[in-house]
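Colleague: Next come a sequence and a model predicted from it.
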Amino acid sequence: MSPLDSLTTGAQVGVILPLLTAVVQRPAWSARAKQIVAAAAALIAGVLTVAVDGGWGQFQHGTHTTLTVLGVLAAAQTSYDLLWKPTKLAPLIEAATSRKGPQQAE
């Protein structure tokens, strides 16, 4: 796998990641908590992408792993800011998957 392939694969995963992260996040969380969850999700998704795309032996190549994780992180943040947030899709998923409390159950 070339470095460009690593970066491209990471970017492809990163574009979809904000929608998956929105399932876990809650509207009431602080912006800082949401940032931490998004960064952790990008790290996990990047590691899983390396493992799936190149196998566990791929981790011996630090450049590929780093580029994939950075690609996921950059694409996730960019796609959220430019696509998913303005279209309100990610916030809508967040709200739809949040449990409603007794006072909100109506």
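Modeller: Noted; the coordinates are in hand. Residues are numbered from 1 along each chain as shown.
Colleague: shaky segments in this structure?
Modeller: Counting by pLDDT under 70, the chain has low-confidence residues at 1, 55-56, 58, 100-106.
Colleague: Okay, helices next: where are they in it?
Modeller: 3-24, 31-54, 62-79, 89-97 (DSSP state H).
Colleague: got a markdown table for those, with mean neighbour count too?
Modeller: All C-beta atoms are positioned from the backbone trio N, CA, C, and that covers glycine. Converted to a markdown table, those look like this (neighbours: other Cβ atoms under 10 Å):
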| stretch | mean neighbour count |
| --- | --- |
| helix 3-24 | 19 |
| helix 31-54 | 16 |
| helix 62-79 | 20 |
| helix 89-97 | 15 |
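Colleague: and the most centrally placed residue in the chain, what does it touch?
Modeller: Residue closest to the mean C-alpha point of the chain, counted by Cα atoms, centre = their mean, is L17 at 3.3 Å. Neighbouring residues of L17 by Cβ atoms under 8 Å, 6 or more residues apart in numbering: A41, A42, A45, V72, A75, A76, S79.
Colleague: Would you mind measuring from the third one to L89?
Modeller: It stands for A45. Between A45 and L89 the distance is 18 Å, computed by Cβ to Cβ, to the nearest Å.
Colleague: quick revisit: any idea how far S30 is from the residue nearest to the centre of the chain?
Modeller: In terms of Cβ to Cβ, L17 sits 20 Å off from S30.
Colleague: Next: S2.
Modeller: Distance, S2 to S30, by Cβ to Cβ: 40 Å.
Colleague: go on, F59?
Modeller: According to Cβ to Cβ, F59 stands 33 Å off from S30.
Colleague: okay, those two: which has more neighbours?
Modeller: When F59 and S30 are compared for neighbours, F59 comes out ahead with 13 against 8, by other Cβ atoms under 10 Å.
Colleague: That one reaches V50, doesn't it?
Modeller: Yes - between F59 and V50 there is a contact under Cβ atoms under 8 Å: 6.5 Å.
Colleague: what's the overlap in contacts for the two?
Modeller: Once Cβ under 8 Å, 6+ apart is applied, the residues that F59 and V50 both contact turn out to be T65.
Colleague: I'd assumed A40 was in contact with V24.
Modeller: No - here V24 lies out of contact with A40, judged by Cβ under 8 Å, at a distance of 9.9 Å.
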